[in-house]
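> Model the following, please.
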Amino acid sequence: MPSTDTALDPICPLVTPTPSNPSTLATTQRPAYKPRSSDPSALSYSFTVPGDPLSATVVRATVRTVLRAHGLSVIEEPALSISGELVACGTRFAPGQDLYHSLRWCDGALRIVNWDAHHAHSGSREAAVCAARRKRALLLLAAVVHECGGDWGISKSGPAAEGTRVWARLPLPGA
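Numbering: from 1, shown residues only. Next up, the predicted model:
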């Protein structure tokens, strides 16, 4: 006869039962994350963070983990600097709004993209002033990318979405 107490019956038979002592949840050993492949060509990650200055720390930690998992620690330091600068700048131009951060391996280089919700200006003078301010805010990023032989840019998001997309391409050293 089926139980009438639905609080004890799992919705799905594959649901892991909750331990009787909830404090054991924090000490439960979970297997370490293993990417599909440590080959950089499998690197493809995207995530959203709040438009808050603390998000730069979260993004840098995530980027560090991803690069190490894919055997790309050789470009870890410049990638961390670039990601942190992109998020910090996005936070200044769209405070309190979500930022979209993306890492992809493409054509022998790491492509880092950050999107923020800062809308394009209707007047050409305002747009030029805003672009100049954003470029000035990204001087450290520009120096790091240049030193590593990469490139970077600022572009509008496109017709389907408003906002600003800033990207950087970071090749492997010697490539």
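> Tell me the confidence at Arg136?
In this model, Arg136 is scored at 95, pLDDT.
> what's near enough to touch the residue nearest in space to the middle of the chain?
For the chain, the residue sitting closest to the mean C-alpha position, by CA atoms, centre = their mean, is His101 at 3.2 Å. Applying CB atoms under 8 Å, 6 or more residues apart in numbering, we find His101 in contact with 46-49, 59, 62, 83, 86-87, 112-115. In short, each C-beta sits where N, CA and C put it, glycine included.
> Quick check: it is in a helix.
No - residue assignment for His101, taken from DSSP: H, G, I helix; E, B strand; the rest coil, gives strand, which places it outside any helix.
> measure it to Arg136 for me?
22 Å (CB to CB, to the nearest Å).
> who are the neighbours in contact with Ser155?
Ser155 makes contact with Thr164, Arg165, Val166, Trp167, according to CB under 8 Å, 6+ apart.
> can you pull the contacts of the closest residue to the first one other than its chain neighbours?
In space, and not counting its chain neighbours, Thr164 is closest to His118: 4.9 Å by CB to CB, 6 or more residues apart in numbering. Neighbour list for His118: Gly90, Phe93, Ala94, Cys130, Gly163, Thr164 [criterion: CB under 8 Å, 6+ apart].
> In helices, which of the contacts of His101 fall?
Here DSSP state H is the test, and the contacts of His101 give Val59, Thr62, Ser83, Leu86, Val87 as lying in helices.
> Can you get me a residue count around the last one?
A count of neighbours around Val87, defined by other CB atoms under 10 Å, yields 26.
> Let me know the distance separating it from Gly153.
The span separating Val87 from Gly153 equals 17 Å under the rule CB to CB.
> same check, this time on the second one
Using CB to CB, Thr62 is found at 23 Å from Gly153.
> repeat for the fourth one
As defined by CB to CB, Leu86 lies at a distance of 12 Å from Gly153.
> shared neighbours of these two, anything?
With CB under 8 Å, 6+ apart as the test, Leu86 and Gly153 both reach Val166.
> Please identify which of the two sits among more neighbours.
A side-by-side neighbour count of Leu86 and Gly153, using other CB under 10 Å, places Leu86 first with 25 against 10.
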